[in-house]
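> I'd like to go over a predicted model; first the sequence, then the structure.
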Amino acid sequence: MATMASTLSGRPPDVKEVHIVWITAGLGCDGDTISVTNAEQPSIEDVILGAIPGLPKVHLHNPVLAKEVGNEFMEYFYRAERGELDPFIFVVEGSIPNETIKREGYWAAQGTDPETGQPITTCEWIDRLAPKAWAVVAAGTCATYGGIHAMEGNPTGCMGLADYLGWDFRSVADIPIVNVPGCPVQPDNFMETALYLLYQAAGLSPMIPLDERLRPTWLFGKTVHEGCDRAGYYEQSDFAHEYGSPKCLVKIGCWGPVVNCNVTKRGWMRGVGGCPNVGGICIACTMPGFPDKFRRDVFGRRGRRLRRANPQAAQHHQQYRQQGTELAASGAASHHRLSATNVLVSTATATL
Ligand code: SF4
Ligand code: SF4
Ligand code: SF4
């Protein structure tokens, strides 16, 4: 009898089983895992229960969602390290702390080393598992670019996964890190990316297309502005000056014109929501450099010029989110924030 997995292309997938080993022990709030439980295109349940044609059998190991606890759950991480879960997709959630800038203690960990009795740091897990993973995925803005936890002045020196592993990192399948930003990640954006990778593992799709910031191109190729329900008001220069107005929100702080995000098209759940569509300004939560680079006090000075800015200027990263044995001083961080702002302003000015 033909299995469900063989019905898409008439041949079985290249691999029968794929494990997803998901660590939420970065600096974060587990919000991306919670968000993904709302996915419907596809849902976690559909993927795990084999309801989608063409997929290998999928085993999910996520500490928030797993039925196993303690050592029983941790065993999957040890098995992945020993090469017994081959292939596996390694998902990282939360910002990556810099464990080399302090003299004692640790910033983040999962599990305890049975030999030393010491916590196994999140960085150690990344060092152990990323080189063995078939693909490595960063879920949410903390894991992709550092996010809220990497704000200027934080003591952990934390950073995004690509800052930690290197932007040129390649998995054993020669796949770059796959970044799916968002705070939290839009549920269907994550599950659609996971589905693509599972089809790729099955030999049923080509290399996942990523942009220069390692985001799936089909999800992050447009701006918030390009999909916004309020774009007609923008076109007519009809702007809101207070919350509660149905008009374009750019004059009260919307970053939509320079932000790559599809929620104005896709919504949050079942097509409903999408920040500016429902009255909230876009705060640029998907972007490299969020939140420092997009702070409101900086925005307020730009006014009309930002709306004509080159969106590429907003892609620049915060340089103080990086490896090293010293924590970047807040003065240096502030310098980078202001530099980033100058890039936006000067680019905007150049386009006037
Ligand atoms: Fe939480 Fe946002 Fe960080 Fe995800 S990106 S861990 S939702 S703070
Ligand atoms: Fe663009 Fe924001 Fe205005 Fe929508 S509300 S049209 S995203 S500037
Ligand atoms: Fe984040 Fe802006 Fe997208 Fe809302 S519209 S999810 S604030 S990037």
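Nice, I can see it. Numbers count the residues shown, from 1 in each chain. Ligands and ions are numbered 1, 2, ... in the order given.

> what sits against the residue in the stretch 101-250 of the chain that ligand 3 sits nearest to?
The nearest approach of the stretch 101-250 of the chain to ligand 3 comes at V224, 4.4 Å away (CB to the nearest ligand atom). Backbone N, C-alpha and C define where each C-beta goes, glycine included. By CB atoms under 8 Å, 6 or more residues apart in numbering, the contact set of V224 is 254-257, 259-261, 263-264, 275-276, 282.

> Please repeat the previous calculation with a cut-off of 7 Å.
256, 259, 261, 264, 276, 282 (CB atoms under 7 Å, 6 or more residues apart in numbering).

> And the helices in this structure?
Counting by DSSP state H, the chain has helices at residues 31-36, 44-48, 70-81, 122-129, 141-145, 161-165, 187-201, 217-220, 231-235, 263-266, 296-299, 330-351.

> will you turn the ones you listed into a markdown table that also has mean pLDDT and distance to ligand 1?
A markdown table is the format used below for those (pLDDT from 0 to 100; distance: least, CB to the nearest ligand atom, whole Å):
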| stretch | mean pLDDT | distance to ligand 1 |
| --- | --- | --- |
| helix 31-36 | 98 | 3 |
| helix 44-48 | 97 | 17 |
| helix 70-81 | 97 | 19 |
| helix 122-129 | 98 | 12 |
| helix 141-145 | 98 | 3 |
| helix 161-165 | 97 | 12 |
| helix 187-201 | 98 | 11 |
| helix 217-220 | 98 | 15 |
| helix 231-235 | 97 | 27 |
| helix 263-266 | 98 | 14 |
| helix 296-299 | 51 | 18 |
| helix 330-351 | 35 | 19 |
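
> Of all these, which one is nearest ligand 2?
helix 231-235 (3.8 Å).

> Please see if the closest one touches ligand 3.
No: judged by CB under 6 Å from any ligand atom, helix 231-235 makes no contact with ligand 3; its nearest approach is 13.1 Å.

> Touching that helix from outside, list them.
Applying CB under 7 Å, 6+ apart, the contact partners of helix 231-235 are 225, 247-248, 250.

> go again using 6 Å as the cut-off
Residues outside helix 231-235 that contact it (CB atoms under 6 Å, 6 or more residues apart in numbering): 247-248.

> wait, which of the helices of the chain is closest to H241?
helix 231-235 (12.1 Å; CB to CB).

> Put the alpha carbons of the closest one into PDB.
Provided in PDB are the C-alpha atoms of helix 231-235 (Å, rounded to 0.1, in the frame of the first residue of the first chain):
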ATOM      1  CA  ALA A 231      -1.600  52.500   1.800                       C
ATOM      2  CA  GLY A 232      -4.400  54.400   0.100                       C
ATOM      3  CA  TYR A 233      -4.300  57.000   2.800                       C
ATOM      4  CA  TYR A 234      -0.500  57.200   2.500                       C
ATOM      5  CA  GLU A 235      -0.900  57.800  -1.300                       C
END
